[in-house]
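Asks: Next one to model:
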Amino acid sequence: MTHGGLTSGYLIPKNTPIFANSEQGDICRFRTAYPVVLFPVTVSYAGIESSDRFDFSAPAVLRIRLETQSVPFAALSDFNHLRFYINADRMTANTLYELLFCHPLKTAVLPGTARKPVFLPDNAIQRVGFAPDEDVLPYPPNAHSGYRLLHEFFTFPRKFFFFDINLGEQNFSPEDTHTDILILLNEIPKERLVIDHTTFCLGCTPIINLFPKTTEPVRLDQKLTEYPLIADIRREKTTEIHSIVSVSASSDAADTSTVFEPYFSFHHLNEQRGSQAFWHLIRRASDRKDLPGTHCFISFTDLNFTPADSPVQTAFAHTLCTNRRLAEQIPAGGLLQVEFAAPISQIIALNKPTLQIEPPLKGAALWRLISHLSLNHLSLTKGADSLKALREILMLYSFSEYTDTHQQVSGIQEMSCRNVVRRLGTEAWRGFCKGIEITLTFDERLYVGSGAFLLAA
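Replies: Numbering: from 1, shown residues only. A predicted model of the protein is given here:
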């Protein structure tokens, strides 16, 4: 919720740290996944209506009414781009998402004092969550972004229930304190949807329980092959290492004078830095009843993966950490805070944070990941095993708290592939390129309450 004194958008950047207090008084830290631009504007009405009153040749219209809190729309500068979040149960959210991106016709803006709506370009509504900079889960740069999208779909599908509307330059009257966004639909929803002003929210972003942390110093006394990696010795019960960003001989992450490269990387030619030791992370399940999650260890090896002497006596790991299962104590409607002054009256968690999912550590999971290399090829062949291979790939990324994940994957009934030739872009000079056209057939009966459209997207 914003203060009403704003006359221009106030930007909350991506990865902005926010925090909440748990039931025991511990601080649980999050960071934002999307940038948020705040305006003194609220949604006062939303509903699916007949198009007769608007004289549109469409079966239905999704109308979203916006109201300003203190100033008219004409006084707002740079008010040309809005991001909405579909705040609804899974069935309603998936149905609305499909209506917006599978069955839209036109989008128009009808200011409060105007008699006729102003139609926006065909691409005025855009999906959110698929671009490389719209990631929620951190992924290594050498991994394909498509795998991250699968991982996020099965673990946090709500990150995709956002959409952008480009309003363009509107000529608002000085008397306009409300305006309607009209989205024409080419079909009426089969199910009766309960929609109100809380269904479409402004000023929202996904948040994730991740924060940067430099570990306790690791004393490299050459007496061990694996050194315990502790993020915070004083808050070990509420701090767990998620991933390592870098390892160096300095507690300052910006100091790159002595940096160790990871063993599994493309940067092994670092003789100029005088280091022939590469770090490797080992993660094991916690053996302490009072410490859920995992323990991390770090080892230093040469290119033959044998223990190597480090050129320094102390190393630090610059990591991303979680608060273990502390985030699960934050209720829906819980209050959050930022660490700086901002024109914000309240920050509310619309949903309860998802359950923490422990990483698979046993050999079976590792062998399934190794088989990923061959499954990639099999899933694009014309053989009978292609559909089985595709399902196996999808199940590798299904660590969801939802019990219908296996049912969603099984809902893919058929898959066909054929070679095609398509133009690259719209300009004639770009020429043509060969590719593979993939057609998937879904059994809609297995997607009751979830929908197949988002998975197919």
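Asks: residue boundaries of the helices in the chain?
Replies: Counting by DSSP state H, the chain has helices at residues 90-102, 145-155, 363-370, 372-378, 386-396, 405-410, 453-456.
Asks: ranking these by mean pLDDT, which is last?
Replies: Lowest mean pLDDT within these: helix 372-378, at a mean of 67.
Asks: Identify each buried residue in stretch 118-131, please.
Replies: 120, 124-125, 127-129 (16 or more other C-beta atoms under 10 Å). All C-beta spots, glycine's among them, are computed from the backbone N, C-alpha and C.
Asks: Out of those, which two sit at the greatest distance?
Replies: Leu120 and Gly129 (21.2 Å; C-beta to C-beta).
Asks: roughly how far out does stretch 165-183 sit from the chain middle?
Replies: With C-alpha atoms, centre = their mean, to the nearest Å as the basis, stretch 165-183 stands 29 Å off its chain's centre.
Asks: Give me the residues contacting it.
Replies: With contact meaning C-beta atoms under 8 Å, 6 or more residues apart in numbering, stretch 165-183 is reached by 44, 54, 56, 61-68, 72-75, 79-84, 100, 104, 107-114, 117-118, 120-121, 123-126.
Asks: what sits against Pro359?
Replies: Pro359 sits in contact with 283, 294, where contact means C-beta under 8 Å, 6+ apart.
Asks: If we use 6 Å, what do you get?
Replies: Contacts for Pro359 (C-beta atoms under 6 Å, 6 or more residues apart in numbering) come out as none.
Asks: Quick check: the gap between it and Asn209.
Replies: 15 Å (C-beta to C-beta, to the nearest Å).
Asks: try Met395
Replies: From Met395 to Asn209 the distance is 25 Å (C-beta to C-beta).
Asks: contacting residues for Thr95?
Replies: Contacts of Thr95 by C-beta under 6 Å, 6+ apart are Pro189.
Asks: Leaving out sequence neighbours, find the closest residue to the residue nearest in space to the middle of the chain.
Replies: Nearest residue to the geometric centre of the chain (C-alpha atoms, centre = their mean): Val136, 3.2 Å. In this structure, Val136 finds its nearest non-sequential neighbour in Ala33, 4.4 Å apart by C-beta to C-beta, 6 or more residues apart in numbering.
Asks: Ramachandran angles for the residue of the chain most remote from its centre?
Replies: In the chain, counting by C-alpha atoms, centre = their mean, Lys223 sits farthest out from the average C-alpha position, at 41.9 Å. In terms of degrees, to the nearest 10, the main-chain angles of Lys223 are phi -100, psi -10.
Asks: got a pLDDT number for it?
Replies: 86.
Asks: before we move on, what about the one 10 residues further on?
Replies: Looking at Ile233, its pLDDT stands at 93.
Asks: isn't it right next to Thr215, touching?
Replies: No - if you go by C-beta atoms under 6 Å, Ile233 and Thr215 don't touch, sitting 9.5 Å apart.
Asks: Just want to know which of those two has more residues nearby.
Replies: Higher neighbour count among Ile233 and Thr215: Thr215, with 24 against 9, using other C-beta atoms under 10 Å.
Asks: how close does the nearest residue to the more buried one once chain neighbours are set aside get to Leu291?
Replies: In this structure, Thr215 finds its nearest non-sequential neighbour in Ala317, 4.4 Å apart by C-beta to C-beta, 6+ apart. Relative to Leu291, Ala317 is positioned 19 Å away (C-beta to C-beta).
Asks: neighbour-wise, which of these two wins?
Replies: Ala317 (27 against 14).
Asks: Identify the residues contacting that one.
Replies: By C-beta under 6 Å, 6+ apart, the neighbours of Ala317 are 215, 229, 244, 247.
Asks: Please render the residues you listed as a markdown table that adds pLDDT to the earlier fields.
Replies: As requested, the contacts of Ala317 are exported to a markdown table (pLDDT from 0 to 100):
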| residue | pLDDT |
| --- | --- |
| Thr215 | 96 |
| Leu229 | 96 |
| Ile244 | 95 |
| Val247 | 93 |
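Asks: Closest one of the residues you listed to Ser371?
Replies: Closest to Ser371, out of all of those and judged by C-beta to C-beta, is Ile244, at 25.8 Å.
Asks: Run through the residues that contact that closest one.
Replies: Taking C-beta under 6 Å, 6+ apart, one finds 281, 317, 319 in contact with Ile244.
Asks: The first one - how many residues pack around it?
Replies: Think Leu281. 19.
Asks: for the stretch 1-150 of the chain, which spans come out with low pLDDT?
Replies: 1-5 (pLDDT under 70).
Asks: repeat that with 80
Replies: Filtered on pLDDT under 80, the stretch 1-150 of the chain yields the residue ranges 1-6, 23, 52-55, 103-104, 141-142.
Asks: just the strands in it please.
Replies: In the stretch 1-150 of the chain, strands defined by DSSP state E, counting those that start in this stretch lie at 10-12, 17-21, 27-32, 36-38, 41-49, 60-68, 81-86, 104-111, 118-119, 125-127, listed in chain order.
Asks: The stretch 151-300 of the chain now?
Replies: Going by DSSP E, counting those that start in this stretch, the stretch 151-300 of the chain shows strands at 162-166, 178-185, 200-202, 207-208, 211-214, 218-219, 227-229, 240-248, 259-260, 278-285, 294-301.
Asks: Now the weakest link among those, please, by mean pLDDT.
Replies: Among the strands of the stretch 151-300 of the chain, strand 259-260 scores lowest, with a mean of 88.
Asks: Okay then, goodbye and thanks.
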